Structures are given as structure tokens and as C-alpha cells.
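Peer 1: with the sequence up front, the predicted model follows.
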Amino acid sequence: MSAATMREEDDVNVGILALEVYTPSTFISQSKLEEHSGVAQGRYTIGLGQDGLAITGDAEDVNSLCLTVVHSLLEKYGINPNEVGRLEVGTETLVDKSKSTKTVLMDLFPGNTDVEGATIVNACYGGTAALLNAFMWCESSGWDGRYAIVVAADIAAYAKGPARPTCGAGAVAVLVGRDAPLAFRPKERATHATNVWDFFKPDHNVEYPTVDGALSQTCYYQALEDVYNRYSEKIEKIDSKLFGAESSDYMVFHAPYNKLVQKSYARLFLLDARRKHNMQLEDNPHPLEPWLSKPIGDTYADKDLEKVLKGLSDSSFKQRLSDANAASKAIGNTYTASVFIGLSSLIDRVGGRGELTPGKNITVFSYGSGALASMYRLHVREPTSQIQFSVDKMVSAMNLTQRLASREEVHPSELDLALDTRARMHQCGAPYAPVYPTVGRLFPGTYYLNGISCKWTRVYSRVPLDAIVESKGSSLAPPSVLELAAQEKS
């Protein structure tokens, strides 16, 4: 690639202009869930590395989450709906096998039917596929000058058992365009695609997935290894220097739970050492010497290796990933939204300290079971032709740390009550009227499901922006749910 061609690509600076995050108004403390579940102290807080878990009842679904976050994005950044030419959704929380959530969102764009995009499904990866599509649309000769919006949203629900503490719910809307404060360069990415059965949802009558937990972790590691090694080679050619785990200013990983991110980032140090060993760049004995030639598959469950890697990576992890992980530790798993919540958390915390300055870069790793994964790089810059979008504007508009602090903590028993109610909703058919509270309990500006008609159509309403949350301290589950739970116990 010639220097002239590189300058031409860089001049458009396609990337992320703005972000908005939504998560339900109620959450559960993981430490209290440990006590309530009768498991050992630290099982969820240390073993999973999680602090909280967002929950919602039957009044919110994936469509309402997306309506909430997109409407809020348009309002906070003053976006005219007619200025949007592409809208694409990534989710695995499907409420219809044909009609896409993207079409539901078109209610927010009255008079504008010229909007490309659809809904993309592949476990936790759909949002990233939509983002890469948006980047390439805005970068192409076919771009019509309008914005693209990418939405990633999911309600992570698991059957009773060891995976239930990894539930969560959230949505992120991403505004994409040119002259962005977070710029993407098309050649700085690598992708992994393979056919594995680690996590899938074959039963359309339930929200819960079929999961092979051990296989899923192995697949995550394998995808990371594949994209990281090829991504490193690409970046080394572009930057003309060696690339490694400590080369990026910041990193964001897909985060089903925080402990997996810690272990996965640590493994990059092993991958770096093995690459240098194969390139014969290491002259002195390396602390990872026993594992440099060992079959990589034999290292996944090696506890001795984990201890060594933790020692090598701990300070770097805190510097490069702890800010990105802060929000997901408080919210839980959000499937497609997870990596975007990580990016939002990084912007909120590092940008809020004034440290996310032009010249810094962020490496992002996204994974979705099945499996698809990508790694790409974002560059922090100062826009030159517009003043509407900036890192500072994202920090103030999201106000993420304060919004998370304003949520209501509810009793751990509410998790089973909410998920049992959602399970009955999936079984009972139509018509259906949600029973969980809305106005007075949900955040102002939140969309909620009014009901499902006898013809299976869904109707939504919005909590007024001036509504007051006034029910804190009372049970989240309504009396009808509590009565049913009592009958099932007796």
C-alpha cells in the first residue's frame, strides 16, 4: 500500500462518533447472591470476578431495550432521524423468527424509510458484525453522507444451575460516521470463523441456551489465539515494530464474566513468548520456558501456568483493561452488548479522567460462540471538521458511572422470580399482558412491552422523561408472581 493510498484512507477517519448505554434500573449484588444461594463466599465475586447482575422482568424484551437506547442516543446527541442512512442490530435474544428488531426501531425514524441494515444473529458476535458493516459502509464510495447506527442488545438468561449467576441485561447504541474521535482503519483487523457447538439455542420455547461450559472457554481461548497472532502480524507490518500484549494503550475484551477476561489477557503473554521463541528472539531463559514448546491445547487447564501468567500480566491488566471491565462487573453478561459496554466503560472512566487523549489507541476483541471472533484497533483523535462529537461529549452524555450508581439493588430472590416469570411468558402463548411494574420502577425514558396481542403483535410504550422512580425498597416481583412462587413451594 502506497503512502498516498494510506493517507487517502486515513483522511476520512471513519469510526465511532457517539455511544449510549442502557441497562435495567434494578440489579442484584453477587456477594448477597452467594449467601442466598448457599455457595462458598467468593464463588461469584472472586471465582467469576463479578460484583452485580442486572435483572428485568417480563415488561422488557430485546425490542424495548433497543428502542430505549436508540431513542436516548438520538435525543442526547441531537440527531435528526432523517440523517441516519443505516441501522443494524446485533442480538441473540430473538422474540420473532422472521420479523427483525431493526424493523421495530423504524418507529423512531418517522418519514425516513431509506435506511439500510437488518438484524444480525450469531451469539455474542452480531453487534461486532454490524459495527464492521457500518464502518465499511461509511468508508466506501457508496456512502451517502448520512450516519450509521449500530445497536447491540441482549438479555442473558440461564436455567437454574452454575451458569445462572452469569445472567445480565443491557444495550448499547453506536453512532458511526466520518471524522470520528475514535477512528477505525480497515486493514487493522483480523477475524476467526469456525464451526463448534459450545453454546447454542435450539429450543425456541425457552430463552435458555444449551451450553458446554468447558468447551466454550476453550473455544474462546482458541479464537483469541487465532485472531491475536494474525492481528499482531498485521500491526507489526503497519507500525514497523514488534507488537505484543503491552503494545496497546488500552484493550477491551468480550466479557461473559471478568475472571475469563483476566485469564485470557494473561494468555497473550504466553502467545507473545511462543512467537518470539519461534522467531528465535529470546536469548535468555524465559519464565514461561516450560510451556513454550508444549502443545497449546495442553496449556488451557494448566494451573501452574495460570499462576505464572497472572504474575506476569497483573499490573498490565489493571492498567489496560480494568477500566473497561468495571461496568460489566456491575451489570453482568450482556452477550452482543458486552464488548460495547466494555468500550463505553473505558471511555467513561479513562475519558472522564482526561486520559483518553489523541494519539492513544484501543485494541478490541469480540467473540461469539459458534464461533466467530474479531480483533481490531481504534485510534483516539481530535476531529477536524466537526465539533458535535468528541470523547468528552461521550463521557458527559453517557454519565455511566453515576447512572449505574443510581440503580436499585433488589433481593437475590428476585433473580429466580423474574426468570421464572419470563419462562412462563415464553410458554403461555398469546395474548399476553406483562405483570412486572413499569412507570415508577423503570428509569425515565425506558420503553416497555405493553402486551402481546392475540395475533402475536407487540405494542410498546415509553416511561415519561419526567417520571419519578418511587418504588424503591418494595418487592420488584408483583403480588401475582409472589403468590405463584409460594404455591409452587407448598
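Peer 2: Good, I have the coordinates.
Peer 1: what's the end-to-end length of stretch 385-405?
Peer 2: 36 Å (Cα to Cα, to the nearest Å).
Peer 1: what comes up buried for that stretch?
Peer 2: Under the neighbour-count criterion of 16 or more other Cβ atoms under 10 Å, stretch 385-405 has 389-391, 393-395, 397-398, 400-401, 403-404 buried. (Glycine included, C-beta is placed from N, CA and C.)
Peer 1: in stretch 184-191, what's buried?
Peer 2: Neighbour-count burial for stretch 184-191, counted by 16+ other Cβ under 10 Å, picks out 184-185, 188-191.
Peer 1: farthest pair in those?
Peer 2: Pairwise distances across those (Cβ to Cβ) peak at 15.1 Å, for the pair Arg185 and Thr191.
Peer 1: now the helices: where do they sit in the stretch 201-350 of the chain?
Peer 2: Here the stretch 201-350 of the chain has its helices, by DSSP state H, counting those that start in this stretch, at 213-239, 258-278, 303-320, 322-331, 338-346.
Peer 1: low-confidence ranges in this structure?
Peer 2: The chain contains residues with pLDDT under 70 at 1-10, 278-284, 471.
Peer 1: gap between Asn63 and Cys454?
Peer 2: Asn63 sits 19 Å away from Cys454 when distances are taken as Cβ to Cβ, to the nearest Å.
Peer 1: neighbours of Leu292, how many?
Peer 2: The local packing of Leu292 (other Cβ atoms under 10 Å) involves 15 other residues.
Peer 1: that one against Pro285, yeah?
Peer 2: No - counting by Cβ atoms under 8 Å, Leu292 stays clear of Pro285, with 10.4 Å between them.
Peer 1: quick check: bridge partners of Gly451?
Peer 2: Val459 (DSSP bridges).
Peer 1: quick check: the residue nearest the centre of the chain vs Tyr158, distance?
Peer 2: Taking Cα atoms, centre = their mean, the centroid of the chain lies closest to Ser338, which sits 1.6 Å from it. Counting by Cβ to Cβ, the separation of Ser338 from Tyr158 is 15 Å.
Peer 1: ok, now which ones touch Leu431?
Peer 2: Residue 431: Pro, not Leu. 451-454 (Cβ atoms under 8 Å, 6 or more residues apart in numbering).
Peer 1: leaving out chain neighbours, which residue sits closest to it?
Peer 2: Leaving aside its sequence neighbours, Pro431 sits nearest to Cys454 (Cβ to Cβ, 6 or more residues apart in numbering; 4.6 Å).
Peer 1: hmm, that neighbour is touching Ala433, no?
Peer 2: No - shown here, Cys454 and Ala433 do not form a contact pair, counting by Cβ under 8 Å, at 11.5 Å.
Peer 1: got any residues that touch both of the two?
Peer 2: Counting by Cβ under 8 Å, 6+ apart, nothing touches both Cys454 and Ala433.
Peer 1: elements contacting the strand of greatest length in the chain?
Peer 2: As assigned by DSSP state E, the longest strand anywhere in the chain is strand 182-193. For strand 182-193, the packing partners by 3 or more Cβ pairs under 8 Å, 6 or more residues apart in numbering; DSSP states H and E come out as helix 3-12, strand 15-22, helix 126-139, helix 213-239, strand 372-380.
Peer 1: may I see the buried residues of the fourth one?
Peer 2: To tie it back to what came earlier, the one meant is helix 213-239. Neighbour-count burial for helix 213-239 flags 216-229, 231-232, 234-235 (criterion: 16+ other Cβ under 10 Å).
Peer 1: and stretch 102-109, by the same measure?
Peer 2: 102, 104-105, 108-109.
Peer 1: what's in contact with it?
Peer 2: By Cβ under 8 Å, 6+ apart, stretch 102-109 touches 63, 66-67, 70-71, 74, 81-82, 84, 87-89, 113, 115, 117-119, 151, 458, 460.
Peer 1: quick one: buried ones out of the residues you listed?
Peer 2: 63, 66-67, 70-71, 74, 81, 84, 87-89, 115, 117, 119, 151, 458, 460.
Peer 1: which ones are touching Val481?
Peer 2: Taking Cβ under 8 Å, 6+ apart, we find Val481 in contact with 57, 417, 420-421, 435-436.
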